[in-house]
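S.K.: Here's my sequence, what's the structure:
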Amino acid sequence: MSESTPDQQPDAGTPPEAAPQRTPEKDPSEWATGGEPATGPQLSYVSTLAQEAGVEVPDGLTKADASKLIDELQTKTGRGTPSSGG
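M.R.: Numbering: from 1, shown residues only. From the prediction side, this is the model:
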C-alpha cells in the first residue's frame, strides 16, 4: 500500500502551467488597446512591408490599423504568414 496525502496528484506529464496557452484570435477592431498608437515594432515592420509592396504608410496608425495593414501587406508581398489566417 502506498502512502499519499490527499493534496497529491499523480504526475500526468507536463504541468498545465508549462504547456503553451492558445488563445482565440480577436479581430483587431475588438482589441481593448486597438485604438492606441501603433507600437514601434509594428511601424518598423509596416514600413518594411510597405517599401516592398511599393505603397506608403498612412500617418497616425493605431495598433489595430497597423495589424490589419501588416496582414494585407504580408499577403501582397508573400512575406510571412498573416496572423489572422489561422
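
S.K.: got the phi/psi numbers for residue 66?
M.R.: phi -60, psi -40 (degrees, to the nearest 10).

S.K.: surely it meets residue 47?
M.R.: No - assessed by Cβ atoms under 8 Å, residue 66 is found out of contact with residue 47, at 10.4 Å. Backbone N, C-alpha and C define where each C-beta goes, glycine included.

S.K.: Looking at those two, which has the bigger crowd around it?
M.R.: residue 66 (22 against 12; other Cβ atoms under 10 Å).

S.K.: give me the low-pLDDT residue ranges for the chain?
M.R.: Scanning the chain for pLDDT under 70 picks out 1-24, 81-86.

S.K.: ok, now with 50
M.R.: 85-86 (pLDDT under 50).

S.K.: ranges for the helices of it?
M.R.: 40-53, 63-77 (DSSP state H).

S.K.: got the ones you listed as CSV, with distance to residue 30 columns?
M.R.: As requested, those are exported to CSV (distance: least, Cβ to Cβ, whole Å):
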stretch, distance to residue 30
helix 40-53, 17
helix 63-77, 8
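
S.K.: Please identify the most buried of the ones you listed.
M.R.: Ranked by mean neighbour count under mean count of other Cβ atoms under 10 Å, the helices of the chain are led by helix 63-77, which reaches a mean of 19.
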